[in-house]
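Undergrad: Task: produce atomic coordinates for the following.
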Amino acid sequence: MKDKETTSIKSLSQTTRPYPSTQRLTSSTPRIGPKYFPPNVLPDEDDDMEQPVPSLTDPPSPISTPSPPTTPTPASRGHHEFPPPPTNLLTREVQAVPDKGTPTAAPSDEQSDLASSIHAPHNAPDDHDMDTPPSTILQRAPTAEEEAILAHLAHAGTNRAVLSHDGPNHRTTLPQFTPTPLGGFPKIHMSHSAQIFDYLDNKVLLAWFQVEHPKFMVRVLDHSGKDVSERAAVLAERIRASIAIIADFVHQDAPPVRVSPPQPIGGRAARELPTSFLVHKVSEETKNIILEQRIWSTLDITFEALPFSCLQPPEFLFCLSGFTTSNTETVLKAVSDVWTHDENRYRINDIFSMSEIVEEELVYKATRNLIRSIRVELLDFKIAGGLSVPRFNIFASSPSNNAKTWTELRGFLHILEYPTGLNGCGIAVALSPCQICHSLAHPRGLCPFPNLPLWNGPKSSSRNNSNSSSSRQAGRSKGGRPGRNN
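TA: Numbering: from 1, shown residues only. Predicted coordinates:
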């Protein structure tokens, strides 16, 4: 009798709905109550394996014996809500579904009985689409470290592209050339935007127009037009060799660079000679690098690279002398007061109104912007005996790119006088280009390039020493005293 007592829910389930291979018990005597279900006798390991099962009704039996009325009936454990089993338990039990075209072995009787049992794991009816076979790849949420890896892989291409290019402020450093100083090389101020094309023969200029881009201009430092005319081929080859070094640094096995020398108007007998060369047959990247650094100086040659264009007028206007002060603020106020004087301001308005600026409001705005852009630079100019006579370079940004407008405006401002109450009156003085860098903003003795660190180019006294040596030799050959013709 003890062997037949039910001791677990699992035994009760097997009794009420046995496996097909188990014979159904004929005894239908109910066994309920605390006598048969003492508390805390169910093993805990079965809880995790049991699924909540609906309340089942015993099949009718030929002999029915009612339960004693005085026996309390405990709540059926079939209605108890168990927590759902962990997902990983189901995941381990899911088997791959073979393809429909793959023959499979017929299941044995034991496997069939086990599959039809209520304890066999089944998926809920809404887990899979009826028309779609279940996938063999199990879906799961990625972990935090997996999400981080996938996020970085998604941006891997962009990161590689960023590191494969130079930054916008990158400076090319080659040991043959003077490195770019902090703040960049000093700016070379020209008399007008197209100065690099001055005195160039028209046929040569038209031929240069027809050369396809990329192309740019080069002006050799410390060489006059006469030097360029007499040594055009030599200078062109030195320019080509220097640019070839830069081109090979940018692109290995770069095609040969072409450098075209200038030809003056009227031939070699001309008094005014050009100083610029045309560089072409280079890549766009090479051109941009050369133009960005602008100054390239080696022990053999130093040149300035300029774009093949003249879109923006120069900021340098003129140089004033006559002030008895070195205070730039005093000079700035004097220039601003003169330009804002009613008569002068009206004249400036008239000049702008004849340009591409046609609306009256925009004309007034252009004049205001011009006056606000005034900038003054002190030039420590000295005369014979070392006496300091300060000069002041005047700069301003033109609101108009029209060549005629800028020429008229500069001419008008150049003839004005700039008086002060206590510090003299400024008047524009004649200018000569620097023999080293060709800038109009300073004489050769004040050229800033020779003072740059690791400067390979010409020094302040190099040309003077050469001229002095030639003069002394000429004086000796004529029987005169050394230095007489200096």
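Undergrad: what residue ranges in this protein score low on pLDDT?
TA: Along the chain, the parts satisfying pLDDT under 70 run over 1-138, 165-172, 461-486.
Undergrad: Check what contacts the helix or strand hosting V376 and list those residues.
TA: V376 is located in strand 375-379, with elements delineated by DSSP states H and E. Here strand 375-379 makes contact (Cβ atoms under 8 Å, 6 or more residues apart in numbering) with 315, 319, 326, 328, 331-332, 335, 390-396, 441-442, 446. Every residue, glycine included, has its C-beta placed from N, CA and C.
Undergrad: Take those residues and keep only those in strands.
TA: Here DSSP state E is the test, and the contacts of strand 375-379 give C319, R391, F392, N393, I394, F395 as lying in strands.
Undergrad: Please give me every residue in contact with the first one.
TA: It stands for C319. C319 makes contact with L379, R391, F392, N393, I394, A428, V429, L431, A441, according to Cβ under 8 Å, 6+ apart.
Undergrad: List just the nearest of the residues you listed to G183.
TA: A441 (16.7 Å; Cβ to Cβ).
Undergrad: isn't there a helix covering V259?
TA: No. In this structure, V259 is strand, not part of a helix, as judged by DSSP: H, G, I helix; E, B strand; the rest coil.
Undergrad: From V211, how far out is it?
TA: 12 Å (Cβ to Cβ, to the nearest Å).
Undergrad: Between these two, which is the more surrounded one?
TA: Ranked by neighbour count (other Cβ atoms under 10 Å), V259 and V211 place V259 first, with 21 against 15.
Undergrad: what's near enough to touch that one?
TA: Shown here is V259, whose contacts under the criterion Cβ under 8 Å, 6+ apart are V218, A236, E237, I239, R240, I243, F277, L278, V279.
Undergrad: ok, what's across the strand from it?
TA: The residues listed as beta-bridge partners of V259 by DSSP bridges are V279.
Undergrad: Quick one: residues contacting V250.
TA: V250 is in contact with S283, E285, T286, I289, counting by Cβ under 8 Å, 6+ apart.
Undergrad: And the buried ones among these, selectable in PyMOL?
TA: What follows is the PyMOL syntax selecting those of the contacts of V250 that are buried according to 16 or more other Cβ atoms under 10 Å:
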select buried, resi 286+289
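Undergrad: Which ones among the contacts of V250 lie within helices?
TA: Secondary structure assignment (DSSP state H) places E285, T286, I289 from the contacts of V250 within helices.
Undergrad: Let's have those in a markdown table, adding distance to L422.
TA: Supplementary listing: those in a markdown table, determined by distance: Cβ to Cβ, whole Å:
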| residue | distance to L422 |
| --- | --- |
| E285 | 56 |
| T286 | 55 |
| I289 | 51 |
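Undergrad: quick one: which of these is nearest K203?
TA: Nearest to K203 among the ones in helices among the contacts of V250, counting by Cβ to Cβ, is T286 at 28.0 Å.
Undergrad: circling back: now for the contacts of V259: which two are most distant?
TA: Taking every pair in those and measuring Cβ to Cβ, the maximum separation is 14.4 Å, between E237 and L278.
Undergrad: What's the local residue count around T180?
TA: 16.
Undergrad: Now do the strand holding V376 against strand 391-395, angle only.
TA: Using axes from the mean of the first three to the mean of the last three Cα atoms, to 10 degrees, the interaxial angle of strand 375-379 with respect to strand 391-395 works out to 150 degrees.
Undergrad: C-alpha coordinates for strand 375-379, CSV please?
TA: Only the C-alpha atoms of strand 375-379 are listed here, as CSV (Å, rounded to 0.1, in the frame of the first residue of the first chain):
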residue,chain,number,x,y,z
ARG,A,375,45.9,99.1,-40.7
VAL,A,376,49.2,100.9,-39.9
GLU,A,377,52.7,99.3,-39.8
LEU,A,378,55.8,101.1,-38.5
LEU,A,379,58.8,100.9,-40.7
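Undergrad: partners of it in the sheet?
TA: Based on DSSP bridges, the strands next to strand 375-379 in the sheet, each with its direction, are strand 391-395 (antiparallel).
Undergrad: Now tell me what touches the strand it pairs with from outside.
TA: For strand 391-395, the surrounding residues in contact (Cβ under 8 Å, 6+ apart) are 189, 315-321, 323, 328, 331, 335, 373-379, 381, 426, 429, 441.
Undergrad: Who's the closest spatial neighbour of K287, skipping the chain neighbours?
TA: Counting by Cβ to Cβ, 6 or more residues apart in numbering, the nearest residue to K287 once its immediate chain neighbours are dropped is P214, at 4.2 Å.
Undergrad: how about that neighbour, what does it touch?
TA: Residues H280, V282, S283, E284, T286, K287 are the ones in contact with P214 under the rule Cβ under 8 Å, 6+ apart.
Undergrad: how far away is it from I196?
TA: 17 Å.
Undergrad: ok but E146 is inside a strand, no?
TA: No. Secondary structure of E146 (three-state DSSP): helix, not part of a strand.
Undergrad: H223 and T275 touch, don't they?
TA: Yes. In this structure H223 lies within contact range of T275 using Cβ atoms under 8 Å: 6.7 Å.
Undergrad: wait, what's in contact with the residue nearest to G445 when sequence neighbours are not counted?
TA: In space, not counting the residues next to it along the chain, G445 is nearest to S460; the distance is 6.1 Å by Cβ to Cβ, 6+ apart. Contacts of S460 were listed using Cβ under 8 Å, 6+ apart, and they are I436, R444, G445, C447, P450.
Undergrad: Among those, name the buried ones.
TA: In these, burial by neighbour count holds for I436, R444, C447, P450, counting by 16+ other Cβ under 10 Å.
Undergrad: What separation is there between the last one and C437?
TA: Which is P450. Between P450 and C437 the distance is 10 Å, computed by Cβ to Cβ.
Undergrad: Can you check which residues contact both of the two?
TA: Applying Cβ under 8 Å, 6+ apart, one finds that no residue jointly contacts P450 and C437.
Undergrad: what about the residue nearest to K287, distance to V259?
TA: Taking Cβ to Cβ as the measure, P214 and V259 are separated by 14 Å.
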